[in-house]
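In: Need a 3D model of the following:
(2 chains)
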Amino acid sequence: GAVVSQHPSWVICKSGTSVKIECRSLDFQATTMFWYRQFPKQSLMLMATSNEGSKATYEQGVEKDKFLINHASLTLSTLTVTSAHPEDSSFYICSARDLGTALYGYTFGSGTRLTVV
Amino acid sequence: GESVGLHLPTLSVQEGDNSIINCAYSNSASDYFIWYKQESGKGPQFIIDIRSNMDKRQGQRVTVLLNKTVKHLSLQIAATQPGDSAVYFCAENGNFGNEKLTFGTGTRLTIIP
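Out: You can find the predicted model right below:
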């Protein structure tokens, strides 16, 4: 089945620094990937839709200059949290669609736990 | 605004019993629904899905029921096992061509040994 690899699984960074999270579709090509943020005991909130070869589409309230998304190939999307602050500490999850299989095949990565200190 | 929500935030079930997790949605244009299981510190794992042209779909130990009249979705887990303990989310894809999934608030299911 479709596999999405997310790296790193956890990261601790100092306030003011930037962190890059990678999301790879291992056995399929994904023209569209999605980035979610999940705070403790809460649901997944969509941050942005990453489109291969074009600009990402951000959800309302998500700062595009703070959460930089790059989708340079059909198998890789990256999310960079710039100038991270403690309030950015969260669980970040990516998702990709494998249109080669099911009509609506959404597969999720294992998530990245970001802690900003 | 449009939302997908759950009635019960927590549910405890005796091992071996059946469990039912409910979900309400407000977007009448929703045409595809998915149930996910999320274990602590992991990403969501697909359980079962259903299209709006169906009212029931069965998998291994799981059944999803869709009632479009009242915009209600449920997940039934039969003969629950300790490994079923997790948070369960319903998700909705609202419109054909719109790839975004909207997640419900989640229900924490605890299986009591």
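In: For the residue in chain A positioned nearest to chain B, grab phi and psi.
Out: Here the residue of chain A nearest chain B is A:Phe108; by CB to the nearest CB that distance is 3.9 Å. (C-beta placed from N, C-alpha, C; glycine too.) Per-residue torsions, A:Phe108: phi -110, psi 150 (degrees, to the nearest 10).
In: from what I can see B:Phe46 touches B:Gly59, true?
Out: No: the criterion here is CB atoms under 8 Å, and B:Phe46 misses it with B:Gly59 at 10.2 Å.
In: Which one's more surrounded, these two?
Out: B:Phe46 (17 against 11; other CB atoms under 10 Å in any protein chain shown).
In: So in terms of bridging, what pairs with the more buried one?
Out: Beta bridges link B:Phe46 to B:Tyr36 when assigned by DSSP bridges.
In: Let me know the distance separating it from A:Ser77.
Out: 20 Å (CB to CB, to the nearest Å).
In: Over to A:Arg113?
Out: Per CB to CB, A:Arg113 is found 19 Å from A:Ser77.
In: Compare these two and say which is more crowded by neighbours.
Out: Taking neighbours as other CB under 10 Å, A:Arg113 and A:Ser77 compare with A:Ser77 leading, 32 against 15.
In: host element of that one?
Out: strand A:76-81 (DSSP states H and E).
In: what's downstream of that strand, the next helix or strand?
Out: strand A:90-97.
In: Distance from the chain centre to that following strand, please.
Out: Mean-position distance between strand A:90-97 and its chain equals 4 Å (CA atoms, centre = their mean, to the nearest Å).
In: which strands and helices sit next to the strand holding A:Ser77?
Out: Counting contacts by 3 or more CB pairs under 8 Å, 6 or more residues apart in numbering or on different chains; DSSP states H and E, strand A:76-81 is packed against strand A:19-25, strand A:32-38, strand A:67-73, strand A:90-97.
In: Make sure B:Val70 is indeed in a helix.
Out: No: according to DSSP: H, G, I helix; E, B strand; the rest coil, B:Val70 belongs to no helix; its state is coil.
In: mind checking how far it is from B:Ile21?
Out: 16 Å.
In: What of B:Ser85?
Out: On the measure of CB to CB, B:Ser85 and B:Ile21 end up 12 Å apart.
In: Where does the residue in chain B positioned nearest to chain A fall, secondary structure wise?
Out: Using CB to the nearest CB, B:Gly43 is the residue of chain B that sits closest to chain A, at 3.9 Å. Assessed by DSSP H and E, B:Gly43 sits outside every helix and strand.
In: who are the neighbours in contact with it?
Out: Applying CB atoms under 8 Å, 6 or more residues apart in numbering or on different chains to B:Gly43 gives the contacts A:4, A:6, A:93, A:108-111.
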